[in-house]
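Q: Sequence first, then the predicted structure:
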Amino acid sequence: MHPHAASSDRVTLEDQSLRDGLQNERRLFSLDEKFEIVRLLAEAGVRRMQIGSFVNPRKVPQMAETAELARRVHAEWPQIQCSALVLNAQGLDRAVVCGMRHLNLSVSLSETHSRRNAGCGADEALAAMTALVQRAVDQGIAVRAGMQCAFGCAEEGRIPEERVVAAARQLTAAGAIELNLADTAGLAQPLQVGQLVAQVREAVPTAVLSLHLHDTGGLGLANMRAGYEAGIRLFDVCVGGLGGCPFVRGAVGNVAAEEAVRLFAGMGVATGIDLSLLLKATALYETLLGRNLPDARERSLTPTTG
């Protein structure tokens, strides 16, 4: 086990179901419905949430009310670290106006994925995002810099590790205090996770590292465990395994929050999340979406507090 992992027996799970989980759903959620989901997550013990994104509402109508939801969550649950995704200067301006203090600014390291997602190549996108990180930090915002496709691209295959490390150095130098390695296409392998985490940590030892894992290849939990053993203590999850990248064909959802709680409970690692209460949020999603979610197959297991 990595030396950073030796003394800690607690992890933080950031639920992103209201952003990554819903961004592809055609059924639009009302502000009140989203607020009720936040309430259920808060009651279950979730203390970090990505509640939406500041993107063009015409392109992603599901995210149209992110600013108002953020205001309501800040007022009701000041103890929750409430974040949102920002991809450009216009989004940053909107986030600042509604009082966001923590943001995820994300860029793709894959040329193909970047052109699909951001409309420009990876180098150009990284330069623009670096400037945006600096601008956000200058306004007193804590920035988590996300690196999409860090573990590979569906079209390009493996992304060179030196590209990931160079981007990590650049984004940290711009002021990002957290770096998020994202397995956007769900191609990561456990050994690869451990190796890349070690390389990035060596390059930028001051940054907090987190993982955003998709379960496309069925290795989401194995990769999460590998990340834990490499010293990661912060992981993105989605209630019910919702989500998936709209620009990656076949990319299924994120690691289910419920499965992550079970994984760490079985390892004797605390998450602070009550599974029986978390399942209430899962049930509400299923009611609103009119279908069973992937994690429903585990519903018969005895609820556990992590």
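A: On my side now, so go ahead. Computed from a prediction, not measured in an experiment: that's the story for all the values here.

Q: Please enumerate the strands of the stretch 201-306 of the chain.
A: Using DSSP state E, counting those that start in this stretch, the strands assigned to the stretch 201-306 of the chain run over residues 208-213, 234-237.

Q: In terms of secondary structure, what does the lowest-mean-pLDDT helix or strand in the chain contact?
A: For the chain, scoring each helix and strand by mean pLDDT, DSSP states H and E identifies helix 111-118 as the least confident one, at a mean of 84. Helices and strands touching helix 111-118, by 3 or more C-beta pairs under 8 Å, 6 or more residues apart in numbering; DSSP states H and E, are strand 102-108, helix 122-138. The C-beta positions use only the backbone N, C-alpha and C, and glycine is treated the same way.

Q: Apply 6 Å and report the result again.
A: For helix 111-118, the contact count by 3 or more C-beta pairs under 6 Å, 6 or more residues apart in numbering; DSSP states H and E identifies helix 122-138 as packing neighbours.

Q: just how off-centre is the helix it packs on within its chain?
A: Per C-alpha atoms, centre = their mean, to the nearest Å, the displacement of helix 122-138 from the mean C-alpha position of its chain is 19 Å.

Q: Mind listing what's buried along that helix?
A: 122, 125-126, 128-130, 132-133, 135-137 (16 or more other C-beta atoms under 10 Å).

Q: Spatially, what comes nearest to the residue minimising distance to the centre of the chain if we skip its sequence neighbours?
A: Closest residue to the average C-alpha location of the chain: Asp236 at 4.2 Å, with C-alpha atoms, centre = their mean. Nearest non-adjacent residue to Asp236, counting by C-beta to C-beta, 6 or more residues apart in numbering: His212, 4.2 Å away.

Q: What of Gly268?
A: Asp9 (6.6 Å).

Q: Wait, the one you found touches Gly272, no?
A: No. No contact is recorded between Asp9 and Gly272 when judged using C-beta atoms under 6 Å, the distance being 11.8 Å.

Q: Which one of those two is surrounded by more residues?
A: A direct count of neighbours by other C-beta atoms under 10 Å for Asp9 and Gly272 places Gly272 higher, at 15 against 12.

Q: And the nearest residue to that one once chain neighbours are set aside, how close does it get to Gly186?
A: By the measure of C-beta to C-beta, 6+ apart, the closest residue to Gly272 outside its immediate chain neighbours is Gly45, 4.7 Å from it. Distance of Gly45 to Gly186, given as C-beta to C-beta, to the nearest Å: 27 Å.

Q: between the two, who's got more neighbours?
A: Set side by side, Gly45 and Gly186 give different neighbour counts by other C-beta under 10 Å, the larger being at Gly186 (25 against 17).

Q: Look up how far Arg10 lies from the more buried one.
A: Taken as C-beta to C-beta, the span from Gly186 to Arg10 is 27 Å.

Q: if we can go back for a sec, ok, the residue nearest to Asp236 - contacts?
A: If a contact means C-beta atoms under 6 Å, 6 or more residues apart in numbering, then His212 has 180, 182, 236 as its contacts.

Q: please redo it, this time with the cut-off set to 8 Å
A: Taking C-beta atoms under 8 Å, 6 or more residues apart in numbering as the definition of contact, the neighbours of His212 are 16, 146, 180-184, 235-236, 254.

Q: Sort out which one of those lies nearest Leu28 for me.
A: Checking the contacts of His212 against Leu28 by C-beta to C-beta gives Gln16 as the nearest, at 18.0 Å.

Q: burial of that closest one, as a residue count?
A: Gln16 is surrounded by 28 other residues when neighbours are defined as other C-beta under 10 Å.

Q: And the pLDDT for it?
A: At Gln16, the predicted lDDT confidence score is 97.
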